[in-house]
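Visitor: From the sequence below, what's the structure:
(3 chains)
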Amino acid sequence: MVTSAYWRTRLHRYRLVGNRCAVCGKAFFPPRLVCSYCGSTKLEECKLPERGRLVEYTVVYSAPKGYDVVVPYVVGIVELENGVRVVAQITDVDVNEVKEGMEVELTIRKLPEQLEGGMICYTYKFRPVIG
Amino acid sequence: MRPDDDVGIIGYGVYVPVYRIRTAEIARVWGKLNDDLPVEEKAVAGPDEDAVTIAIEAARYAIRRAGIRPDEIGAVYVGTESKPYAVKPCSTIVAEAIGATPNVLAADYEFACKAGTEAFQASIGLVASGMVEYAMAIGVDTAQGRPADALEYTAGSGGGAFIFAKKSHETIAYVEGSYSFVTDTPDFWRRDGDRYPYHMGRFTGEPAYFRHTVMAAKSLMAELGLRPSDFDYAVFHQPNCKFPLKAARYLGIPEEKVKPGLVCSMIGNTYSGSSMIGLAAVLDVAKPGDRILLVSYGSGAGSDAFSFVVQDAIEEKRDRAPKVSAFLSRRKEIDYSMYAKFRNKILM
Amino acid sequence: MRDVAVISVGYTRVSEHWEKSLKGLFVEASLKALESAGLSARSLDGVYVANALSGYIQGQTNLANVLADSLGLYDKFAISIDAGGASGALAIHEAYMDVAHGIRDLVLVCGVEKMSEASPQDVVSALTSAQDQEQFKYTGITVHSLAALIYKAYLKRYKARQEDVALMSVVDHEHALTCSHAQYPFKLSVEAIMDSAFLAEPVRVLEAPSPGDGAAAIIMCPHEMAKELGLPHVRVAASEVARDRINPMEREDLLAMRALVEASRRAYEKAKVKPSDLSFAELYDDYSVMGVIALERLGLCDPGGGVELLKRGEVTLKGSVPVNTFGGLKARGAPLGAVGVYQAVEAFLQLTNNAGQNQVKGARVGLTHTSCGFNSVVVINLFEVCC
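Guide: Next up, the predicted model:
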């Protein structure tokens, strides 16, 4: 992925911006170009809720290059407050304390992979709610 | 320095990474005795964190407390000395992530540990002049000390974000005035390309930290016609637990007015984040009408002093986001080997 | 439409072929298939190359033309088919359609993959590259983690035990013991699987294939031509393709595997067979749980009943529905884009009574299930003995 491809996805990576079909109402994350339910091309940008519940998770041990400093790490399905499901890393948790049903919220974190020239990738993850 | 129009803080947020290393653990590795450690433990950025991610977290909380839309923010300043990029602003990433782009001014500030309070002054000026409605100033660092160096015991990670606007019923605390005291005093520096900073040991004390902190505070009080006893709280830059208390003694401010904002024993010296997290800790407990003295210190060297007066809105807004105490109690202790891995100190 | 037959097969062992290139593997398998049919490469009307990762691992694009060149074919049609793990079966589908519709007569389908040249970490990235990269690249979400989430959903819904699901891999290894082209012809116990490390919890290393190199080729032609040539052959009874949301996490039911259900339903209908008529099935068990789910969604048992089938030994060579008769993905090996062609080769060996010690007695009709992206692309090919 070249830098421009990463740049194009910044809104969904940084702000959890998805879209919603104006015809059938289905919401998508990441945003889609055509509604995968009704085929409509009338899709409206929508900001997704930043909080949700961890409905399922796994602990990843076999990971891509660069991930040595972060394995084992947690990947989970987060059901946001509006019902949209997002698959993402769950951070700031020990692998033995992560639990289904855990309340989590959006956080933007840096990934171990770097783009050309050391360009840093920031992307959405979720972490336990603080306070 | 007093703005023509009254300006105040309408929202604030902090973020401190969850990981902690005890200084006793660092001392164990380097064969030092435990009896005179500068702080208990320090906050360590996780492997997926840097100054940008911490700034974004703090900024998002500040927006939550301010109750404004991010696209209403006219300026985003990030003050840090741990920029992930030597060239490429942190502020653009933060502004984009919080949703303040594209109609926004964004810039990074750098002045050792006082970059965040300089961003305060710039924000106050922009707002007072009417150039922007809301300005955000962030102070954040993921400070690194050379292994075995004295700084390794304190160099921590964390940050705070503050949003300024003209004084209104939304104001949490308004600014009475600010004063900066700056000289060319080489007590601490990091050359371009160097990984760790260099410091002049005890020279960082009297001629550097204390002189600038005390002079900025005294000059501010003189300008505003205030005495030390007029302040209910005092927050200083916190390179360790002793310096802020000693600075308070020089100024005739009792310890109990400093301690509510003194957080370095649990998170270390968060550099540009240090005095800002201290200010947030005070706002977490202050009552309307309380007057707060804030004095930062940045090596090189200079201090920015401020007087804030807390307003009614604090009561309703402080619970909109996690308080500093929530970050102090949220901790995962790591040992030196994990710390070395997280902070990229292992040759790979 | 014309009836289509497979008249010959050629293949290499699945292994780490350090001394053989993509071209070397392709030429070896293709020439074996041609030789065993007594044909020359020049008699072919077209070459269908199946491969998933050459662009990623070898940096080789335009693969079909490069490989056809290596076979000395210049005036013949050549095309590459890439659909991740489904590539091999999809290439067979394309060749089948062309022959059935009279577009070409004598065609070679060769699946080839060389994964040993990538580091284990790069293989994780390469496998994950079959998902939408705009979504998955630079997220840390891997194919193994998606498999793990499906696995957990399966264990929960059917109150199954991992020790039982893992029997899928045990069966694969048992069948590979007597398979000369298998990558891992050794016995594997449930205990060894459960003692192995996690790829992504709960998926164990020994529940998924390791990277392998290999090439498998088949020659197809109209049934009439096969009879004229006087070669032993099998008939392609159906070749059906169905698709689903590429990201399994976007599906309303993680375990429904709609494309698998749909493609198999159409294939059964076309071939006029029922699941119970199958003499054997070659499943795409890229993870043990995916093999178990395939048993169920192909209609060989009820949803949730796959584990019982495994426990009762029904899927072994002597059972009622033998599966993965030469070791499946886990033990025969899974050179990604070639898998579907290996499965077809194995079906040919079974239906021509050439499966040696792995022979399913009286095999009449066999199914191959090949997929990519957790059954987001499913190809069901049905082969049968010619009357």
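Visitor: and the residue in the stretch 201-350 of chain C that chain B sits nearest to, what is it in contact with?
Guide: The minimum distance from the stretch 201-350 of chain C to chain B, using C-beta to the nearest C-beta, falls at residue C:201 (19.8 Å). For the C-beta atoms, the positions are set from N, CA and C on the backbone; glycine is no exception. Applying C-beta atoms under 8 Å, 6 or more residues apart in numbering or on different chains to residue C:201 gives the contacts A:58-59, A:61, C:148.
Visitor: one more time with 6 Å
Guide: When contacts are counted by C-beta atoms under 6 Å, 6 or more residues apart in numbering or on different chains, residue C:201 touches A:58-59.
Visitor: what's the helix or strand for the residue of chain A found nearest chain C?
Guide: Nearest residue of chain A to chain C, counting by C-beta to the nearest C-beta: residue A:58, 3.5 Å away. Using DSSP states H and E, the element containing residue A:58 is strand A:51-60.
Visitor: What are the structural domain limits within chain B?
Guide: Using automatic domain parsing, the domain parsing of chain B gives B:7-171, B:173-315.
Visitor: Can you tell me who residue B:76 pairs with across the strands?
Guide: residue B:106, residue B:136 (DSSP bridges).
Visitor: Where is the longest helix in chain B?
Guide: For chain B, the longest helix by residue count, based on DSSP state H, is helix B:51-66.
Visitor: what about the residue nearest to residue B:227 when sequence neighbours are not counted, which SS state?
Guide: In space, and not counting its chain neighbours, residue B:227 is closest to residue B:221: 6.5 Å by C-beta to C-beta, 6 or more residues apart in numbering or on different chains. What DSSP: H, G, I helix; E, B strand; the rest coil gives for residue B:221 is helix.
Visitor: And the pLDDT at residue B:221?
Guide: In this model, residue B:221 is scored at 98, pLDDT.
Visitor: just the one 3 residues further on next, same as before
Guide: Among the per-residue scores, residue B:224 holds a pLDDT of 97.
Visitor: How about it, nearest residue that isn't a chain neighbour?
Guide: residue B:177 is the one closest to residue B:224 (C-beta to C-beta, 6+ apart), at 5.0 Å.
Visitor: I figured residue C:279 hits residue C:362, correct?
Guide: No - using C-beta atoms under 6 Å as the test, residue C:279 is too far from residue C:362 to be in contact (7.0 Å).
Visitor: More neighbours: which of these two?
Guide: Between residue C:279 and residue C:362, residue C:279 has the larger neighbour count (other C-beta atoms under 10 Å in any protein chain shown), namely 21 against 8.
Visitor: quick one: the more buried one from residue B:131, how far?
Guide: Distance check for residue C:279 against residue B:131: by C-beta to C-beta, to the nearest Å, it reads 81 Å.
Visitor: Okay, strands next: where are they in the stretch 101-250 of chain C?
Guide: C:107-114, C:198-200, C:203-204, C:213-222, C:234-243 (DSSP state E, counting those that start in this stretch).
Visitor: Around chain C, which positions in chain A sit nearby?
Guide: Residues of chain A lying near chain C by C-beta under 6 Å from any C-beta of the partner chain: A:1, A:9, A:30, A:56, A:58-62, A:64-65, A:75, A:87, A:89, A:111, A:113, A:121, A:123.
Visitor: Strands - which of those land there?
Guide: When those are checked against strands (DSSP state E), the matches are A:56, A:58-60, A:75, A:87, A:89, A:111, A:113, A:121, A:123.
Visitor: any chance of the residues you listed in TSV, with neighbour count too?
Guide: Output for those, formatted as TSV (neighbours: other C-beta atoms under 10 Å in any protein chain shown):
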residue	neighbour count
A:56	20
A:58	31
A:59	20
A:60	28
A:75	25
A:87	22
A:89	25
A:111	23
A:113	19
A:121	19
A:123	22
